[in-house]
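Peer 1: Sharing a sequence plus its predicted fold:
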Amino acid sequence: MYCPFCQAEDTKVIDSRLVADGSQTKRRRSCEICQSRFTTFETADLALPRVIKNNGERQPFNGSKLKRGMLRALEKRPLSSEEIDTLFGKILNQIRTSGVREIKSIEVGEIMMDALRTVDSVAYVRFASVYRDFQDIKDFSAEINSLNKEKPSTKKSKK
């Protein structure tokens, strides 16, 4: 691994830990030339299917685009970075283990909505509102009502 500060070829691994539900390795490194320290993340480079867009166009899977949408839905929600990384890893794993060479963008969106529904209903409604192109308040209301039917709400008392 090249040092990002002095571009030296030799860096030493100081510490390694599993993160994101064991699908990623976090390594703390030190440059043997300039003594700078930095962190790297290592993941397995497994093939993801190509995405078939609504217009029929086929594109390589873009994980960063998917994560951006997820982060936007989870903005200002009470999930830690590690919980978000774990959730994203589960989504990618579900897509990867589907065993298909191509997947429709609609299916990717449904996988994302199912994952968000399990961790944060507000983030789920945010994502669904963009993904399903809600046009008015009735669309929001219908989606919230469907969530309430799935699991009874538990009211939290504020102190």
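Peer 2: Looks like it arrived, so ask away. These figures come from a predicted structure and were not determined experimentally.
Peer 1: what comes into contact with stretch 39-52?
Peer 2: 1, 19, 23-29, 58-63, 92, 95-96, 98, 100-105, 108 (C-beta atoms under 8 Å, 6 or more residues apart in numbering). Just so you know, the C-beta spots here come from the backbone N, C-alpha and C atoms, and that holds for glycine as well.
Peer 1: Can you measure across that stretch, start residue to end residue?
Peer 2: 35 Å (C-alpha to C-alpha, to the nearest Å).
Peer 1: same thing with stretch 29-36?
Peer 2: Terminal-residue distance, stretch 29-36 (C-alpha to C-alpha): 8 Å.
Peer 1: Just the buried residues of that stretch, please?
Peer 2: R29, C31 (16 or more other C-beta atoms under 10 Å).
Peer 1: what's the spacing between the residue sitting furthest away from the middle of the chain and V13?
Peer 2: Computed with C-alpha atoms, centre = their mean, the residue of the chain farthest from its C-alpha average is I33, at 35.9 Å. Computed as C-beta to C-beta, to the nearest Å, the I33 to V13 distance reads 15 Å.
Peer 1: List the contacts of A123.
Peer 2: Contacts of A123 (C-beta under 8 Å, 6+ apart): A73, L74, R77, L79, L116.
Peer 1: Select from the residues you listed the one having the most neighbours.
Peer 2: L116 (24 neighbours; other C-beta atoms under 10 Å).
Peer 1: Name the nearest residue to the spatially most central residue of the chain, ignoring sequence neighbours.
Peer 2: When C-alpha atoms, centre = their mean is applied to the chain, the residue found nearest the centroid is F88 (2.8 Å). Nearest non-adjacent residue to F88, counting by C-beta to C-beta, 6 or more residues apart in numbering: K67, 5.6 Å away.
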